[in-house]
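Participant: would you be able to build a 3D model of this:
(2 chains)
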Number of protein chains: 2
Amino acid sequence: MTSETETDDARDLLFSRDLDAPRDKVWRCWTEPDLMKRWFTPSPWTTVHAEADLRAGGGNTVVMRGPDGEDLVHRGVYLEVVPGERLVFTDAFRSAWEPSDKPFMTGIVTLEDAGPGRTRYTARIRHWSMADREAHEGMGFHAGWGKAAEQLETTARSI
Amino acid sequence: MTSETETDDARDLLFSRDLDAPRDKVWRCWTEPDLMKRWFTPSPWTTVHAEADLRAGGGNTVVMRGPDGEDLVHRGVYLEVVPGERLVFTDAFRSAWEPSDKPFMTGIVTLEDAGPGRTRYTARIRHWSMADREAHEGMGFHAGWGKAAEQLETTARSI
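Facilitator: Numbering: from 1, shown residues only, chains lettered A, B, ... in the order given. Presented below is the predicted three-dimensional model:
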């Protein structure tokens, strides 16, 4: 398993929360398209399409729909998949290995046991520039991931 | 094995040559630091240091020294390793998964049998922008890769 570099990079955004759901169910919610659609996008936006080719080099796609019907397509590639533990993905590539129009972020999601039936859920979002990190924060990163984490917990507890 | 997208992207540079050396030896020259140092950098530059942590997410480093003693350090990460066949690496990350200062290129090297003891050696270098592709070409990409390929063939035949 690859370890991320243990630096506190100012270009990163961090989100962490303990979820009242077991690790294997949280993992399923992050990796099974039918479950991803139930929680991935903070309400009132919804996830209308999801794909997950779960392997290093495999593609992932999420289509988010806004309250006025506008669609946002997010495409990327998985860089590292450790089932139940760690998922790394980036939008630097549209597919393996086609450079995207602009590398914006790489996400490192880790799941750890946090007591019986509970999961410590951590996402480190790394950006190529401070400007991108600031823009991402300004888009409402913390509120958005918080809302999505609530939806994630609800979905994981329902399966 | 991940397949690259079959588009002819104008942001790519392509190099291909049939080498008079078998595939397993060409692979060793691309992946063993002591051998990398013997051919990687077109003369009169030399490779004074090489590291290769040969796995997806593993780091690679090459230090090139110029005729006036100036050192250029190239650091990157392997994205895909298929022994004897295919090696993908990028400078978009300094290590797994720390974004570099500037994503410049992703390299896809493929080796195929090309008759007894011979190897078709192909490198597709993908850039994030046309400007980077043009800059890379302007730096002497084709001459540089051609000279290095001669050195690669000589090294592979010597082992």
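Participant: how far does the helix ranked longest in chain A sit from the chain's center?
Facilitator: In chain A, with assignment by DSSP state H, the single longest helix is helix A:141-158. From the chain centre to the centre of helix A:141-158 is a distance of 11 Å (CA atoms, centre = their mean, to the nearest Å).
Participant: just stretch A:42-61 next, same as before
Facilitator: The answer for stretch A:42-61 is 9 Å, by CA atoms, centre = their mean.
Participant: list the buried ones in it?
Facilitator: A:Pro42, A:Trp45, A:Thr47, A:Ala50, A:Ala52, A:Ala56, A:Gly57, A:Gly58, A:Gly59, A:Asn60, A:Thr61 (16 or more other CB atoms under 10 Å in any protein chain shown). All C-beta spots, glycine's among them, are computed from the backbone N, C-alpha and C.
Participant: quick one: mean pLDDT for it?
Facilitator: On average, the pLDDT along stretch A:42-61 is 96.
Participant: same check on stretch A:84-98?
Facilitator: Per-residue scores along stretch A:84-98 average to 97.
Participant: same deal with stretch A:21-31?
Facilitator: 98.
Participant: contacts for it next, please.
Facilitator: With contacts defined as CB atoms under 8 Å, 6 or more residues apart in numbering or on different chains, stretch A:21-31 is touched by A:19, A:35-36, A:38-39, A:52, A:54, A:83-85, A:87, A:109, A:111-113, A:117-119, A:121, A:152-153, A:155-157, A:159.
Participant: of those residues, grab the buried ones for ChimeraX.
Facilitator: The following ChimeraX line selects those of these that are buried, judged by 16+ other CB under 10 Å:
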select /A:19,35,36,38,39,52,87,109,111,118,119,121,152,153,155,156
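Participant: narrow the contacts of stretch A:21-31 to those in helices?
Facilitator: A:Leu35, A:Met36, A:Arg38, A:Trp39, A:Leu152, A:Glu153, A:Thr155, A:Ala156, A:Arg157.
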